[in-house]
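[1] this one's sequence-less:
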């Protein structure tokens, strides 16, 4: 544990610059009252005076300047190798001195409030040197250090924030809020397992849990492929927010694709259809598709067909939206080209701002078109028509089955087999089946 603490201190001291200024004012013991009154500058002056008096009395840690030594040893030979080998390392710990530690802590707090954060960090580290590390005590100092790093809001200091927060947790793991903060901080990093560990630890110890924490845990476990735990925490979230259609869909997809819990998948997709917004055509269509697949595998052909038909309706709606967007893009492109001609050949620079706005609009429409194309493709139009053709074949509607097999050829889905099926069904029809 001591090695880890010393590594942390080395990390912090490598980041900060020790450049605290010196003040000289009358000494007062009422610095805490001044701090609580938010009189930070006055508080600094008082603390600085007390610290200056303390350090002036200490000579054992001070080095006599080299120039003084050289003046008294002119002409003497010095064994530099021997001096180097006989040097003594000064440890991090200085002495147990609660008063000096408190002075450094409040000095650091004042500096942090005055936005002098690097200086604040140096005094927090100095405060740690005047006390032996104690469980459920020093966590407060490390936590305050972490908040200083966090407030610096630069990627360079994020590691310092995490390291100091982990130190706080290690000194007081009964404070579950440390685990919550660590889990949330690590959520968007590559340390998914560590984030999940801390959030799950918080959930196990907290009296009341924000449902969003369950959602983050579900997302974390899904990302590391622990699908059963992801399923568990999606369910925990939905106990608190049962009308969230998007999460019902996510749970249904997880069960259908990964855990094999088709009963829960079915109920989740039905809930997604009930609670998802009407304009969320894609998510509704995918819910119908998966329900159709579930019923198809269970040979509930009519229910499967009903859901597949809803997919076709959604696909047609998305295709209509795509055509409208493509027409809009065509018109915008024409306007852009006309304005560009005027700017280039007529020197009409007054329209340049409008030209840039149209370019932005064009880019937005192109993105929307790409999104619609992706959604239509994701609805698996070939597979959908194949399954529908199979159902119509089984139920005896051979002509409709032939139409759908032809559409499979158009979408290049099982095209060779679809041609064979068309030939067989046409023979059946000729023979009077």
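    Cool, got the structure. As the structure is a prediction and not an experimental result, all values here were calculated from the model.

[2] C-alpha only now, for contacts and for neighbours.
    Noted.

[3] Geometric centre of the chain: which residue is closest?
    In the chain, the residue lying closest to the centroid (C-alpha atoms, centre = their mean) is residue 188, at 2.4 Å.

[4] before we move on, what SS does that one have?
    coil (DSSP: H, G, I helix; E, B strand; the rest coil).

[5] which ones are touching residue 369?
    By C-alpha atoms under 8 Å, 6 or more residues apart in numbering, residue 369 lies in contact with 322, 325, 326.

[6] Over to residue 352?
    Contacts of residue 352 by C-alpha under 8 Å, 6+ apart are 339, 343.

[7] what's the next secondary structure element after the one helix or strand it maps to?
    Using DSSP states H and E, the element containing residue 352 is helix 352-378. Going down the chain from helix 352-378, the next helix or strand is helix 381-395, by DSSP H and E.

[8] Now that following helix: buried residues?
    By neighbour count on 16 or more other C-alpha atoms under 10 Å, the buried set for helix 381-395 is 381, 382, 384, 385, 386, 387, 388, 389, 390, 391, 392, 393.

[9] So the second one sits against residue 418, correct?
    Which is residue 382. No. Residue 382 is not in contact with residue 418 according to C-alpha atoms under 8 Å; the separation is 10.9 Å.

[10] overlap in contacts of the two?
    Joint contacts of residue 382 and residue 418 (C-alpha under 8 Å, 6+ apart) are residue 408.

[11] hmm, back to that, now, among the buried residues of helix 381-395, which is nearest to residue 118?
    Closest to residue 118 out of the buried residues of helix 381-395 is residue 381 (59.5 Å), distances taken as C-alpha to C-alpha.

[12] give the contact list for the closest one.
    residue 411.

[13] circling back to that earlier point, buried residues of the helix holding residue 352, list them for me.
    355, 358, 359, 362, 365, 366, 368, 369, 372, 375, 376.

[14] what is the rounded mean pLDDT of that helix?
    Helix 352-378 carries an average pLDDT of 94.

[15] Quick one: distance of it to the chain centre.
    Its chain's C-alpha centre and that of helix 352-378 lie 27 Å apart, by C-alpha atoms, centre = their mean, to the nearest Å.

[16] got it, and stretch 121-139?
    31 Å.

[17] How about it, which residues are buried there?
    121-131, 138-139.

[18] what's the answer for stretch 275-291, then?
    275-276, 281-291.

[19] again with stretch 165-181
    Quick answer for stretch 165-181 (16+ other C-alpha under 10 Å): 165-173, 175-181.

[20] got it, and stretch 413-422?
    413, 415, 418, 419, 421, 422.

[21] And for stretch 391-411?
    Those would be 391-393, 398-399, 401-402, 404-409, for stretch 391-411 by 16+ other C-alpha under 10 Å.

[22] Please tabulate those residues in TSV, including the columns pLDDT.
    Conversion of the buried residues of stretch 391-411 to TSV gives the following (pLDDT from 0 to 100):
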residue	pLDDT
391	97
392	96
393	95
398	95
399	95
401	96
402	96
404	97
405	97
406	97
407	96
408	97
409	96
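
[23] longest helix of this protein?
    helix 301-345 (DSSP state H).

[24] Need the mean per-residue confidence for it.
    On average, helix 301-345 scores 94.

[25] I'd like the distance from it to the chain centre, please.
    33 Å.

[26] Domain boundaries for the protein, per the record?
    1-59+93-172, 175-276, 277-379, 383-433 (automatic domain parsing).

[27] Show me how far the longest one is from its chain's centre.
    Spelled out, it's domain 1-59+93-172. Using C-alpha atoms, centre = their mean, the offset of domain 1-59+93-172 from its chain centre is 30 Å.

[28] The shortest one too?
    Chain-centre distance of domain 383-433: 47 Å, with C-alpha atoms, centre = their mean.

[29] Begin at 22 from now on, thanks
    With 22 as the first residue, the last one maps to domain 404-454.

[30] low-confidence ranges in this structure?
    Flagging of the chain using pLDDT under 70 yields the residue ranges 22-50, 80-112, 454.

[31] ranges for the strands of the stretch 172-321 of the chain?
    In the stretch 172-321 of the chain, no strands are defined using DSSP state E, counting those that start in this stretch.

[32] Skipping its backbone neighbours, what lies nearest residue 141 in space?
    residue 129 (4.1 Å; C-alpha to C-alpha, 6 or more residues apart in numbering).

[33] Neighbours of that neighbour, how many?
    For residue 129, the count of nearby residues is 28 (other C-alpha atoms under 10 Å).

[34] From residue 187, how far off is it?
    Taking C-alpha to C-alpha, to the nearest Å as the measure, residue 129 falls 20 Å from residue 187.

[35] Could you pull up the residues touching the residue nearest to residue 55 when sequence neighbours are not counted?
    Using C-alpha to C-alpha, 6+ apart and skipping residues adjacent in sequence, the residue nearest residue 55 is residue 64, 5.5 Å away. Counting by C-alpha under 8 Å, 6+ apart, residue 64 touches 52, 53, 55, 56, 128, 131.

[36] Any buried residues in whichever strand or helix holds the residue nearest to residue 141, and which?
    Under the criterion of DSSP H and E, residue 129 resides in helix 119-134. Buried residues in helix 119-134, counted by 16+ other C-alpha under 10 Å: 121-133.

[37] packing partners for it?
    Applying 3 or more C-alpha pairs under 8 Å, 6 or more residues apart in numbering; DSSP states H and E, one finds that helix 119-134 contacts helix 52-57, helix 61-77, helix 138-149.

[38] That helix versus helix 138-149: what angle between them?
    170 degrees (axes from the mean of the first three to the mean of the last three C-alpha atoms, to 10 degrees).

[39] that older thread, wait, the residue nearest to residue 141 touches residue 142, no?
    Yes. With contact defined as C-alpha under 8 Å, residue 129 reaches residue 142; the gap is 6.7 Å.

[40] who touches both of the two?
    Joint contacts of residue 129 and residue 142 (C-alpha under 8 Å, 6+ apart) do not exist.
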